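Participant: One predicted model, sequence on top.
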Amino acid sequence: MDEPIKDQMKALLLTKYGSPTALKVQEIAKPSPKRNEVLIKIHATAVNDYDWSMIRGKPYLYRLMFGILKPKKLIPGMELSGTIEALGPNVTSFKIGDAVYGDISEYGFGTFAEYICINEQAVILKPAEMSFEEAVSIPHAAMLAVQGLRDVGKITQGQKVLINGAGGGVGTFGLQIAKLHDAEVTGVDTGDKLKMMKDIGFDHIIDYQKEDFTKNGVHYDLILDAKTNRSPFAYARSLSPNGTYVTVGGKIGRLLQVLIWNLWISKFKHKKVRLVALKANKGLSYISDLFREGKIKCIIDGPYTLEESAKAIQYFGEGKHQGKVVISIQ
Ligand SMILES: NC(=O)c1ccc[n+]([C@@H]2O[C@H](COP(=O)([O-])OP(=O)(O)OC[C@H]3O[C@@H](n4cnc5c(N)ncnc54)[C@H](OP(=O)(O)O)[C@@H]3O)[C@@H](O)[C@H]2O)c1
């Protein structure tokens with residue numbers, strides 16, 4: 001028997017800034033697609049730094065984007081995998097029933113919900129070989145790793161690579177991409193993640209609570225940083241001659257220092273320090289191909305249910321997760 005068409009949906013609603021654990025799943029109206037939009041039945045979503053910041057309204061700079069006194073966007077979430085359920089009149093790329101995935105942040109937020117309407121360009125077809133949970137773990141973290149190591153870092157064969165913040169989403173994909181270039185890869189993180197990092201193939205592991213890699217005298221050809229918490233000069237010190245440091249995120253003050261000092265460091269130290277501005281979904285087909293060839297695996301923490309998602313966001317924010325925190329909606 002066909003399922004009855006729903007006009008309501010469940011969603012994790014954000015009404016004021018504060019602790020993620022205060023968020024509640026509520027019933028709201030199911031949206032309808034506009035001209036270039038598709039209605040997607042969401043199968044899975046994933047937790048990102050943006051969700052953690054959007055929900056708490058911290059750092060305060062984020063409020064310029066999400067709303068000064070209270071959040072403008074009512075539902076967090078920027079990654080999804082799901083099935084196309086309806087098409088706006090101008091949609092040409094998809095048909096009803098297509099399985100899709102992507103980072104929708106260039107067009108909006110709101111993936112902690114059963115349905116979303118979003119511009120057709122926000123998603124691509126999901127390979128049949130990938131589960132919905134695997135697919136949703138990819139867009140944001142893997143694209144930061146691809147754009148950081150390949151597009152900005154220009155990784156070459158056999159380089160000595162260090163990944164700072166290696167136990168999270170970016171680091172676990174970054175390792176696998178670096179290994180495709182036969183790199184010798186060191187991962188920096190702490191706690192329970194160190195064992196997982198060893199299991200997935202890091203050649204060397206540094207516990208940041210015990211050792212500062214910028215002070216141990218070891219040099220790297222390429223550093224990928226998901227946690228930027230030191231000065232660009234400390235990172236430059238750890239680079240080989242002509243080495244490259246690439247940050248994808250971290251403390252805002254430190255990121256500004258990278259922007260300010262990168263030309264000086266290039267000119268006088270002959271090393272590069274660079275910042276990645278994420279281009280949503282750029283490189284996603286490359287990762288889809290690697291996945292089909294069995295060259296990329298997804299490290300998933302969960303999946304958790306939509307009802308558990310508020311707790312899962314808190315758990316992510318406390319840095320207790322390993323790989324990508326995934327929420328199964330259906
Ligand atoms: N460039 C852009 O356009 C863009 C766009 C979106 C997001 N981002 C950024 O990209 C990054 C996403 O990375 P991700 O998804 O991999 O995050 P993640 O899953 O939170 O992983 C980061 C890892 O770093 C660890 N860590 C914390 N403090 C550390 C330290 N002092 N030294 C080394 N490691 C440390 C964390 O562990 P513990 O906390 O447990 O210690 C965690 O395991 C975020 O910084 C985000 O803001 C950038």
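Facilitator: All right, it came through fine. Numbering: from 1, shown residues only.
Participant: May I see the buried residues of stretch 49-63?
Facilitator: Asp49, Tyr50, Asp51, Trp52, Ser53, Met54, Ile55, Gly57, Tyr62, Arg63 (16 or more other CB atoms under 10 Å). C-beta coordinates here come from the backbone N, C-alpha and C atoms, glycine included.
Participant: With stretch 131-146 instead?
Facilitator: By 16+ other CB under 10 Å, the buried positions in stretch 131-146 come out as 131-146.
Participant: And stretch 157-165, by the same measure?
Facilitator: Under 16+ other CB under 10 Å, the buried positions of stretch 157-165 are Gln159, Lys160, Val161, Leu162, Ile163, Asn164, Gly165.
Participant: and the last one, what is it in contact with?
Facilitator: Read it as Gly165. Residues in contact with Gly165 (CB atoms under 8 Å, 6 or more residues apart in numbering) are Gly171, Val188, Asp189, Asp225, Ala226, Lys227, Gly250.
Participant: swap in the fourth one?
Facilitator: When contacts are counted by CB under 8 Å, 6+ apart, Leu162 touches Val185, Thr186, Gly187, Val188, Phe213, Tyr220, Leu222, Ile223, Leu224, Ser238.
Participant: can we see that at 6 Å?
Facilitator: The contact partners of Leu162, by CB atoms under 6 Å, 6 or more residues apart in numbering, come to Thr186, Tyr220, Ile223.
Participant: now the second one
Facilitator: Neighbouring residues of Lys160 by CB under 6 Å, 6+ apart: Glu184, Tyr220, Asp221.
Participant: so what does the helix or strand hosting the last one touch, helix or strand wise?
Facilitator: So that's Asp221. Using DSSP states H and E, Asp221 sits within strand 220-225. Under the contact criterion of 3 or more CB pairs under 6 Å, 6 or more residues apart in numbering; DSSP states H and E, strand 220-225 touches strand 160-164, strand 239-247.
Participant: what's the spacing between that strand and its chain's center?
Facilitator: 19 Å (CA atoms, centre = their mean, to the nearest Å).
Participant: these two touch, right, Leu194 and Ile205?
Facilitator: Yes: using CB atoms under 6 Å, Leu194 makes contact with Ile205 at a distance of 5.4 Å.
Participant: For the closest residue in space to Tyr220 that isn't next to it in sequence, give the beta-bridge partners.
Facilitator: Nearest residue to Tyr220, sequence neighbours excluded (CB to CB, 6 or more residues apart in numbering): Leu162, at 4.4 Å. Going by DSSP bridges, Leu162 is paired in beta bridges with Thr186, Ile223.
Participant: looking at this, Ile75 is in a helix?
Facilitator: No: the assignment for Ile75 is coil, going by DSSP: H, G, I helix; E, B strand; the rest coil, so no helix is present there.
Participant: Now it: closest residue in space, sequence neighbours ignored.
Facilitator: Ile75 sits nearest to Gly110 (CB to CB, 6+ apart), 3.9 Å away.
Participant: now Pro89
Facilitator: Per CB to CB, 6+ apart, closest to Pro89 is Arg35, 5.7 Å.
Participant: ok, Tyr315 to Glu308 distance?
Facilitator: Distance of Tyr315 to Glu308, given as CB to CB, to the nearest Å: 9 Å.
Participant: Tell me which of these two has more neighbours.
Facilitator: Shown here are Tyr315 and Glu308; by other CB atoms under 10 Å, Tyr315 has more neighbours (19 against 15).
Participant: pLDDT averaged over whichever helix or strand that one is part of - what is it?
Facilitator: Here Tyr315, judged by DSSP H and E, is contained in helix 309-317. When pLDDT is averaged along helix 309-317, the result is 95.
Participant: Which stretches in the stretch 51-200 of the chain count as helices?
Facilitator: Secondary structure of the stretch 51-200 of the chain (DSSP state H, counting those that start in this stretch): helices at 63-66, 132-136, 139-146, 169-179, 193-200.
Participant: Show me the one of those that comes nearest the ligand.
Facilitator: Closest approach to the ligand among the helices of the stretch 51-200 of the chain (CB to the nearest ligand atom): helix 169-179, 3.3 Å.
Participant: Check which residues of the closest one are buried.
Facilitator: Gly169, Val170, Gly171, Thr172, Phe173, Gly174, Leu175, Gln176, Ile177, Ala178, Lys179.
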